[in-house]
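Q: Attaching a predicted model along with its sequence, questions to come.
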Amino acid sequence: MDTERFLFVSADAALITDLAWQVHREGHDVKYYIEAESDREIGDGFVPKTDDWRAEVDWADVIIFDDIWVGSDIGTGALAQELREEGKAVVGGTPNTDHLEEDRGYAMEILEEHGVNTVEHHIFHDFDAGIRHVRENPAPYVIKPLGEVQNVKRLLYVGNEDDGSDVVEVLRAYKKAWGHRMKGFQLQRKVEGVEIAICGFFNGNEFIDQVNFNFEHKKLFPGNIGPQTGEMGTSMFWARQNKLFTETFGKLEDWLADEGYVGSIDINCIVNETGIYPLEFTPRFGYPTIALQEESIESSTGEFFSDLAHGNDPEVEVHNGYQIGVRVVLPPFPFDDEKTYDENSRNAAVVFETESREGIHLEDAKNIDGQWRAAGDNGMPIVVTGKGDTMHAAREQAYDRIDDIVMPNMYYRDDIGERWVDGDGDRLQAWGYLGP
């Protein structure tokens, strides 16, 4: 394709640095804007920057937003919609698709209105009312905070007790510790099965044929224990529009077309032998999922997103096997502690024992005179990926690459992809979800 001009806009945590870098390396003209002052150094030395994204709108052929800006006066969905109405080619959402992530109750309403299965769920704005509900309807539940604190990942709690007693105790604790900020929460009946996310790419009119299926690993430690994080790693594969897709996004295609949504949209589900049960939407890029998707797209990334933004049907080529991505982090991730970060992680050097940078993707990193360093204050400098004909081969490649990285105090999960090998893949196949 001809060289195009891409404007990347990040409001919060510089979440599309690697995508901007990839498109820049393909020879396109790139300008990258980061709103958050503490994150503005992220991507320095890798990607050309701008201090005023609005001044670059007329320059850009394609504009790409990263997040939905939860809690802001205006979300990127409204900005993307406004720019599309002005005739710009934009990857981004709409106010209503932003609302899917901001308001879990609204998300469930949209699913139900379009005939998609949902898990039993209830919204509460009073802790005592939620506690009464669990006592009157004893069962395991998942607590999902609403509003501004929903991004405090450690507040999500998955109950284990059949009578819900642990959920009651957690709600009591949250009332005392978070009652001033946690204005509401969803209680979702816990469902056993395989957790899988279905990720489609929408061009404003329809989904492309290739669908990405991924498995999140949100707990900090191997074995899926410890505090919730945004993500510690992802395993995935691509397939055609199978039953998992048709029973979820297949029923929402017309709604998304009416909205004019453009970009990646993900729906996380629990599936078992009785059905598919959506849990929540991610109407934006997932992180670090987008880095892994880039790795597995074997055609031009820039052309792919340009086609999406212009409403075309991209001719995308993807890796036919399996892929994994591992987030390599520094203290005090996933917590905020400025003193700990300053003493252990700020400006930490990322040292490579080989010349190869295959499978190495940027998160919060900068390049100073050829030396990669941690940037910002989040402690997530890089993502390392691997791919192969089997999930085992993908794991082996990714962890071999990590072995060639030296970064003081770094840590990561060493079990990304094991769930698939240990039986998730067999269960999905036995339940008939992976066929055409």
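A: Thanks, I have it.
Q: When you work out contacts or count neighbours from here on, use the C-alpha atoms and nothing else.
A: Noted.
Q: State the helix or strand in which the closest residue in space to residue 123 that isn't next to it in sequence lies.
A: Residue nearest to residue 123 in three dimensions, not counting chain neighbours: residue 186, with 4.5 Å by C-alpha to C-alpha, 6 or more residues apart in numbering. Assigned by DSSP states H and E, residue 186 falls within strand 185-189.
Q: and the gap between the residue nearest to residue 123 and residue 154?
A: Distance of residue 186 to residue 154, computed by C-alpha to C-alpha, to the nearest Å: 15 Å.
Q: same question, residue 214
A: Per C-alpha to C-alpha, residue 214 is found 21 Å from residue 154.
Q: what packs against the strand ranked longest in the chain?
A: Secondary structure of the chain read by DSSP state E shows that its longest strand is strand 225-239. Judged by 3 or more C-alpha pairs under 8 Å, 6 or more residues apart in numbering; DSSP states H and E, strand 225-239 is in contact with strand 211-221, strand 322-328.
Q: which neighbours does it have in its sheet, and in what orientation?
A: Here strand 225-239 is paired, per DSSP bridges, with strand 211-221 (antiparallel), strand 322-328 (antiparallel).
Q: which ones are touching the spatially most central residue of the chain?
A: For the chain, the residue nearest the mean C-alpha position is residue 286 (1.9 Å; C-alpha atoms, centre = their mean). Neighbour list for residue 286: residue 266 [criterion: C-alpha atoms under 8 Å, 6 or more residues apart in numbering].
Q: Recalculate using a threshold of 10 Å.
A: Residues near residue 286 by C-alpha atoms under 10 Å, 6 or more residues apart in numbering: 15-16, 66-67, 199, 230-231, 264-266, 292-293.
Q: deepest of the strands paired with strand 225-239, which one?
A: Greatest average neighbour count among the strands paired with strand 225-239 goes to strand 322-328 (a mean of 27), per mean count of other C-alpha atoms under 10 Å.
Q: what sits up against the helix or strand that comes right after that one?
A: Sequence order places helix 338-344 as the next helix or strand after strand 322-328, per DSSP H and E. With contacts defined as C-alpha under 10 Å, 6+ apart, helix 338-344 is touched by 330-333, 335, 345-348, 377-379, 408-410.
Q: Show me which of the residues you listed is closest to residue 190.
A: Relative to residue 190, the closest of the contacts of helix 338-344 is residue 335; by C-alpha to C-alpha it sits at 26.7 Å.
Q: from what I can see that closest one touches residue 378, true?
A: Yes: between residue 335 and residue 378 there is a contact under C-alpha atoms under 10 Å: 8.4 Å.
Q: Which pLDDT value goes with residue 73?
A: Residue 73 carries a pLDDT score of 57 in this model.
Q: re earlier: make TSV out of the strands paired with strand 225-239 and add distance to residue 115 and mean pLDDT.
A: TSV is the format used below for the strands paired with strand 225-239 (distance: least, C-alpha to C-alpha, whole Å; pLDDT from 0 to 100):
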stretch	distance to residue 115	mean pLDDT
strand 211-221	21	96
strand 322-328	31	97
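Q: what about residue 378, how many residues close to it?
A: As a burial measure, residue 378 scores 25 neighbours (other C-alpha atoms under 10 Å).
Q: hang on, the earlier thing: list only buried entries from the contacts of residue 286.
A: 15-16, 66-67, 199, 230-231, 264-266, 292-293 (16 or more other C-alpha atoms under 10 Å).
Q: Let me know the pLDDT of the residue nearest to the centre of the chain.
A: Reported pLDDT for residue 286: 91.
Q: Minimum distance to residue 4: which of the helices and strands packed on strand 225-239 has it?
A: strand 211-221 (25.8 Å).
Q: okay, the closest one in PDB with CA atoms only?
A: Only the C-alpha atoms of strand 211-221 are listed here, as PDB (Å, rounded to 0.1, in the frame of the first residue of the first chain):
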ATOM      1  CA  VAL A 211     -12.000 -14.000  14.700                       C
ATOM      2  CA  ASN A 212      -9.500 -14.000  17.500                       C
ATOM      3  CA  PHE A 213     -10.100 -16.300  20.500                       C
ATOM      4  CA  ASN A 214      -8.000 -15.500  23.600                       C
ATOM      5  CA  PHE A 215      -7.600 -16.600  27.200                       C
ATOM      6  CA  GLU A 216      -6.700 -14.000  29.800                       C
ATOM      7  CA  HIS A 217      -4.500 -14.600  32.800                       C
ATOM      8  CA  LYS A 218      -5.400 -11.800  35.200                       C
ATOM      9  CA  LYS A 219      -4.000 -13.000  38.600                       C
ATOM     10  CA  LEU A 220      -0.500 -11.900  39.500                       C
ATOM     11  CA  PHE A 221       1.000 -15.300  40.300                       C
END
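Q: End to end on stretch 342-362, go ahead and measure it.
A: Using C-alpha to C-alpha, the end-to-end distance of stretch 342-362 comes out at 20 Å.
Q: What of stretch 123-140?
A: Stretch 123-140 end-to-end distance (C-alpha to C-alpha) = 16 Å.
Q: Quick check: phi and psi at the closest residue to residue 404 other than its chain neighbours.
A: Leaving aside its chain neighbours, residue 404 sits nearest to residue 353 (5.1 Å; criterion: C-alpha to C-alpha, 6+ apart). Dihedral angles of residue 353 (phi, psi; degrees, to the nearest 10) stand at phi -90, psi -10.
Q: who's in contact with stretch 238-245?
A: Counting by C-alpha under 10 Å, 6+ apart, residues outside stretch 238-245 touching it are 196-200, 207-214, 247, 249-251, 267, 269, 271, 275-276, 293, 296-297, 318-323, 428, 432-436.
Q: Repeat the analysis, applying 8 Å as the threshold.
A: Against stretch 238-245 from outside (C-alpha under 8 Å, 6+ apart): 198, 209-213, 276, 318-322, 433-436.
Q: among the residues you listed, which ones are buried?
A: With burial judged by 16+ other C-alpha under 10 Å, the buried subset of the contacts of stretch 238-245 is 198, 209-213, 276, 318-322, 433-434.
Q: Tell me the confidence at residue 14?
A: Listed pLDDT for residue 14 reads 74.
Q: so how far is stretch 88-96 from its chain's centroid?
A: Relative to the centre of its chain, stretch 88-96 is centred 17 Å away, using C-alpha atoms, centre = their mean, to the nearest Å.
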